[in-house]
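S.K.: Return a 3D structure for these sequence lines:
(chains A, B, C and D)
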Number of protein chains: 2
Amino acid sequence: MKILIVEDEVKLTQALEFLFNKQKIDVEIANDGEEGLMLAEKDIYDVIVLDIMLPNVSGLEIIRIIREKGIKTPVIMLTAKDTLDDKVLGLDSGADDYLVKPFSTKELIARVRALGRRKNTEYINEKYEFNDIAYLPKNFELIIRGINIKIPKKEGDLLEMLISRPGQVFTRDQIVDRLWGLESDVLENNIEIYIHHLRKRLEETNTKIETIRGVGYILKEK
Amino acid sequence: MKILIVEDEVKLTQALEFLFNKQKIDVEIANDGEEGLMLAEKDIYDVIVLDIMLPNVSGLEIIRIIREKGIKTPVIMLTAKDTLDDKVLGLDSGADDYLVKPFSTKELIARVRALGRRKNTEYINEKYEFNDIAYLPKNFELIIRGINIKIPKKEGDLLEMLISRPGQVFTRDQIVDRLWGLESDVLENNIEIYIHHLRKRLEETNTKIETIRGVGYILKEK
DNA sequence: AAGCAACTTAATTAATTCTTAATATTGCAA
DNA sequence: TTGCAATATTAAGAATTAATTAAGTTGCTT
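M.R.: Below you'll find the predicted structure:
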């Protein structure tokens, strides 16, 4: 699971990053609204944690914009007591949950987990299932015909991305961003290599990865 | 998605072009009002970004004229703080959104995206449906009798254009402009080739592409 | 510190898509 | 109805993008 935290208090973000990492949850940080919006738009996160009060672009703005764009990633809002407004309370803002500052980090982690796992959300934390395959991100295990196969991390991350929303196209950019981070400059060829590895593993299954030339890849039934 | 930017600051337009391209958004630039109007009239863009203060013809003029002509492309206005007038603020000008200079390029990109994806906009939808066919531009998939067929990009772009407004004639010029860009010098014969490909795909359906001799093509029920 | 697994780079091969070009057909006007 | 311009068809080769293979590097584990 990979989450985005948009929050301008640097100390807090550092602490959260550390705690989430301990829980095997990857974290990307944005320290202002503008950067947060840019990252959120990438549509590569499982959960977004969003402070309302932000420099440049407010949290509510960010939600509005990404929801307009059809991005359905669950959002948890962080609000100070004195900025608690009805929109947030009623979750009309487009957010899925909120926490009032100061909050317990344990509580936040629990809620991130809960949202990441929620039914109806495309991402499910514990186990992804599609067609005749399943994947356990926690142990990087691909399950085919009841047999669990441990696969390398990068392969796992890629598979997780694809299986989290089968039938949806993931662009090469999205894949690079998610697997190698934002300002990485790995050769795009690496995508093809991991796709290749996964395809080999899926050979005997009824599931395939389709190429959308010039765009990206998509997980489908054969 | 393809957008038109009408703005006389060359440095700004160059920067924007670069940034939009990175987001896989095609950009056409006009550096003065006259050229901008000429291009906007072509009615081949998904979004138009329009500076108010322009040499020759003002941005407000351009909107007025294209709206009079029935062109519904969403428009985002760029205004300096000191030329912010009520018309723009109230969006009575015919524009759909506005940004005050200096603006965050990320914000602009976000808003272009939001408008480009808006329902009822002619281009860019999740799914186009007409008669007995449908098209998914994201995956370049044509759906016939419940079967999804992947088609090449150029074919897809052409189909998207036609199916976005069925029953409307698209001129050969519009098609060339949209598929190959303005100063391209591909042989016009290419249009016929792609029309031909699409027709083959539509053979078994109840939908056809009709030739309007000397003008262009139109998507219709058989 | 050696050995192994995972990851990255690089180079080659394969496949698809786009364009050119050459030829055939159609529809319209004189 | 003949001839011309516009459109349709087909085939071939360029160009682009992806797949594959191999070799080298890193970093972890024991």
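
S.K.: When you work out contacts or count neighbours from here on, use the C-alpha atoms and nothing else.
M.R.: Will do.

S.K.: Run through the bridge partners of residue A:129.
M.R.: residue A:134 (DSSP bridges).

S.K.: For the host helix or strand of residue A:110, name the packing helices and strands.
M.R.: Per DSSP states H and E: residue A:110 is located in helix A:105-117. Under the contact definition 3 or more CA pairs under 8 Å, 6 or more residues apart in numbering or on different chains; DSSP states H and E, helix A:105-117 sits against strand A:47-51.

S.K.: Give the partner strands of the strand it packs on in its sheet and their orientations.
M.R.: As defined by DSSP bridges, the strand partners of strand A:47-51 come to strand A:2-6 (parallel), strand A:75-80 (parallel).

S.K.: Let me have those in JSON lines, adding distance to residue B:112, mean pLDDT and mean neighbour count as columns.
M.R.: Compiled in JSON lines, the strands paired with strand A:47-51 are given as follows (distance: least, CA to CA, whole Å; pLDDT from 0 to 100; neighbours: other CA atoms under 10 Å in any protein chain shown):
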{"stretch": "strand A:2-6", "distance to residue B:112": "22", "mean pLDDT": "91", "mean neighbour count": "23"}
{"stretch": "strand A:75-80", "distance to residue B:112": "23", "mean pLDDT": "86", "mean neighbour count": "23"}
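
S.K.: got the ones you listed as a markdown table, with distance to DNA strand D columns?
M.R.: Formatted as a markdown table, the strands paired with strand A:47-51 follow (distance: least, CA to the nearest atom of the strand, whole Å):
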| stretch | distance to DNA strand D |
| --- | --- |
| strand A:2-6 | 20 |
| strand A:75-80 | 31 |
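
S.K.: looking at chain A, which helix or strand is least sure?
M.R.: helix A:86-89 (a mean of 53; mean pLDDT, DSSP states H and E).

S.K.: give me every residue that touches the residue lying closest to residue A:59 once chain neighbours are set aside.
M.R.: For residue A:59, ignoring the flanking residues on the chain, the nearest one in space by CA to CA, 6 or more residues apart in numbering or on different chains is residue A:52 at 4.2 Å. By CA atoms under 8 Å, 6 or more residues apart in numbering or on different chains, the residues touching residue A:52 are A:58-60, A:77-79.

S.K.: how about the residues of chain A near DNA strand C?
M.R.: A:151-155, A:180, A:185-187, A:189-190, A:193, A:213 (CA under 7 Å from any atom of the strand).

S.K.: Which of those scores worst on pLDDT?
M.R.: Note: of the residues of chain A next to DNA strand C, the lowest pLDDT belongs to residue A:185, at 75.

S.K.: That one: neighbouring residues, count only.
M.R.: Residues near residue A:185, counting by other CA atoms under 10 Å in any protein chain shown, number 10.

S.K.: what domains does the record give for chain A?
M.R.: Using automatic domain parsing, the domain parsing of chain A gives A:2-117, A:128-221.

S.K.: end-to-end on the shortest one?
M.R.: This points to domain A:128-221. 15 Å (CA to CA, to the nearest Å).

S.K.: Please apply the same query to stretch A:157-172.
M.R.: End to end - CA to CA - stretch A:157-172 spans 14 Å.

S.K.: again with stretch A:136-156
M.R.: Using CA to CA, first and last residues of stretch A:136-156 are 9 Å apart.

S.K.: Please see if it touches DNA strand D.
M.R.: No - using CA under 7 Å from any atom of the strand, stretch A:136-156 never reaches DNA strand D; the gap is at least 11.7 Å.

S.K.: rewinding a little: and which of the contacts of residue A:52 is nearest chain B?
M.R.: residue A:58 (11.7 Å; CA to the nearest CA).

S.K.: contacting residues for that closest one?
M.R.: Taking CA under 8 Å, 6+ apart as the test, what residue A:58 contacts is A:33, A:52.

S.K.: Look up how far DNA strand D lies from residue A:99.
M.R.: 35 Å (CA to the nearest atom of the strand, to the nearest Å).

S.K.: thinking again about what came up before, from the residues of chain A next to DNA strand C, which ones fall inside helices?
M.R.: A:153-155, A:180, A:189-190, A:193 (DSSP state H).

S.K.: Can I get the buried part of those as one PyMOL selection?
M.R.: Applying 16 or more other CA atoms under 10 Å in any protein chain shown to those, the buried members can be selected in PyMOL as follows:
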select buried, chain A and resi 155
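
S.K.: Just put the ones in helices among the residues of chain A next to DNA strand C in CSV and tack on distance to residue A:108.
M.R.: Below are these laid out as CSV (distance: CA to CA, whole Å):
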residue, distance to residue A:108
A:153, 26
A:154, 27
A:155, 29
A:180, 26
A:189, 37
A:190, 35
A:193, 36
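
S.K.: which ones are touching the residue lying closest to residue A:144 once chain neighbours are set aside?
M.R.: Leaving aside its sequence neighbours, residue A:144 sits nearest to residue A:133 (CA to CA, 6+ apart; 5.3 Å). Counting by CA under 8 Å, 6+ apart, residue A:133 makes contact with A:142-145, A:205, A:207.

S.K.: Now the buried members of those residues.
M.R.: Buried among the contacts of residue A:133 by 16+ other CA under 10 Å: A:142-144, A:205, A:207.

S.K.: that older thread, which among the residues of chain A next to DNA strand C gets closest to residue A:113?
M.R.: residue A:153 (20.1 Å; CA to CA).

S.K.: before we move on, back to that, what's the farthest-apart pair in the ones in helices among the residues of chain A next to DNA strand C?
M.R.: Maximum distance among those (CA to CA): 17.5 Å, for A:153 and A:189.
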